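**Student:** mind looking at a prediction? Sequence and model below.
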Amino acid sequence: MVVNKEELLDLFARLGVSEYEAKVYGALLALNPATAYEAAREAGVPTSKVYEVLDRLEARSMVRSLDEGGKKRYLPQDPEEFVEGTRRRLGDTLDCLKTDLKKLGGPQDQGFIWNLSDTPTLLDKACRMVQSAAEALLVSAWNPEATLLAPLLSAARERGVKTALVHFGGGGIDLPGVFRHPIEDTIYAEKGGRGLTVVADGREALMGTLREGEGSVEGAWSQNRGFVTLAEDYVKHDIYIMKIVERFDPQLQARFGPGYQKLRDVWNDEEEAP
């Protein structure tokens with residue numbers, strides 16, 4: 001399998017590993033072991049820089065050196081050991097940082113609304129809300145996001161959290177408490193994208209729209225009471241409607257037309273002609 005080197009360098013950069021360090025570590029994995037000159041040539045790093053880079057890698061425990069007949073060679077740390085060790089250290093560091101930062105801050109402003117303007121941030125926050133919920137979860141999602149959240153919702157139910165999902169679009173979500181929305185095409189056209197709403201424990205809410213064609217996201221998260229109530233009522237009222245539709249769909253279609261067009265017309269109170 002071909003490795004995307006640019007993507008790999010970006011991942012290393014997120015861990016604070018410089019481009020030269022990442023390239024030399026990769027070269028050592030390929031040669032294992034190698035002299036400084038061999039590593040520099042394989043990595044495409046200037047030989048004048050390679051010893052400095054190797055010293056930094058040794059300080060990170062990503063590389064160790066050994067003398068063989070008066071010649072110094074370098075061995076890379078096993079990739080799995082590097083990844084798992086880094087994961088453990090980062091986890092410990094972030095736990096300590098979280099504790100210490102909480103000590104610095106005063107009471108949080110629960111009324112502030114945070115904008116979420118990219119897909120990874122929106123989805124990461126939605127996942128964390130589902131994972132941390134202790135009592136109840138109300139979710140409204142289209143199939144891509146519903147599929148992502150389904151295992152987390154299942155785990156939440158297993159730990160005793162009440163869950164309800166309004167599901168737009170095709171695809172099977174095998175969970176209790178799923179209400180399939182019957183007119184997703186109409187909703188998509190009205191919103192211009194896929195909606196995502198998550199309400200956790202009646203205390204925090206996320207609402208967003210993902211516009212696939214544009215690749216853009218408009219979303220917000222808050223613990224503001226009014227915002228949470230708005231999101232909560234939105235999902236609950238969709239569930240009320242889904243229950244009615246499931247039982248009276250033929251009558252509703254006959255009375256209000258295909259896709260319940262006249263029902264959804266909030267400006268007029270009309271029905272299909274008898």
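**Tutor:** The structure has been received and is ready for your questions.
**Student:** need the strands for the protein, in chain order.
**Tutor:** With DSSP state E as the criterion, the chain has strands at 63-68, 71-76, 113-116, 136-142, 162-168, 178-180, 194-200, 204-211, 216-222.
**Student:** export those strands to a markdown table and append columns for mean neighbour count.
**Tutor:** For every residue, glycine as well, the C-beta is placed using N, CA and C. Output for the strands of the chain, formatted as a markdown table (neighbours: other C-beta atoms under 10 Å):
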| stretch | mean neighbour count |
| --- | --- |
| strand 63-68 | 13 |
| strand 71-76 | 17 |
| strand 113-116 | 14 |
| strand 136-142 | 24 |
| strand 162-168 | 21 |
| strand 178-180 | 18 |
| strand 194-200 | 25 |
| strand 204-211 | 21 |
| strand 216-222 | 19 |
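**Student:** any chance of these in a markdown table, with distance to residue 127 too?
**Tutor:** Below are the strands of the chain laid out as a markdown table (distance: least, C-beta to C-beta, whole Å):
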| stretch | distance to residue 127 |
| --- | --- |
| strand 63-68 | 35 |
| strand 71-76 | 33 |
| strand 113-116 | 13 |
| strand 136-142 | 11 |
| strand 162-168 | 14 |
| strand 178-180 | 18 |
| strand 194-200 | 9 |
| strand 204-211 | 10 |
| strand 216-222 | 12 |
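**Student:** how near is residue 90 to residue 83?
**Tutor:** 11 Å (C-beta to C-beta, to the nearest Å).
**Student:** how about the strands of the chain in TSV, adding mean pLDDT and distance to residue 32?
**Tutor:** Shown next, in TSV, are those (pLDDT from 0 to 100; distance: least, C-beta to C-beta, whole Å):
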stretch	mean pLDDT	distance to residue 32
strand 63-68	87	11
strand 71-76	90	6
strand 113-116	89	43
strand 136-142	95	46
strand 162-168	93	49
strand 178-180	88	51
strand 194-200	94	46
strand 204-211	92	44
strand 216-222	90	43
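**Student:** with respect to residue 38, which of these lies nearest?
**Tutor:** Proximity to residue 38 (C-beta to C-beta) singles out strand 71-76 among those, at 8.5 Å.
**Student:** what about the longest helix in this structure?
**Tutor:** Criterion DSSP state H: the longest helix present in the chain is helix 225-256.
**Student:** wait, which of the strands of the chain is closest to residue 31?
**Tutor:** With C-beta to C-beta as the criterion, residue 31 lies closest to strand 71-76 of the strands of the chain, at 8.8 Å.
**Student:** and the closest one, what does it pack onto?
**Tutor:** Packing contacts for strand 71-76, counted by 3 or more C-beta pairs under 8 Å, 6 or more residues apart in numbering; DSSP states H and E, involve helix 19-31, helix 36-43, strand 63-68.
**Student:** could you say which of these is packed most deeply?
**Tutor:** Most buried of the helices and strands packed on strand 71-76 by mean neighbour count (mean count of other C-beta atoms under 10 Å) is helix 19-31; its value is a mean of 20.
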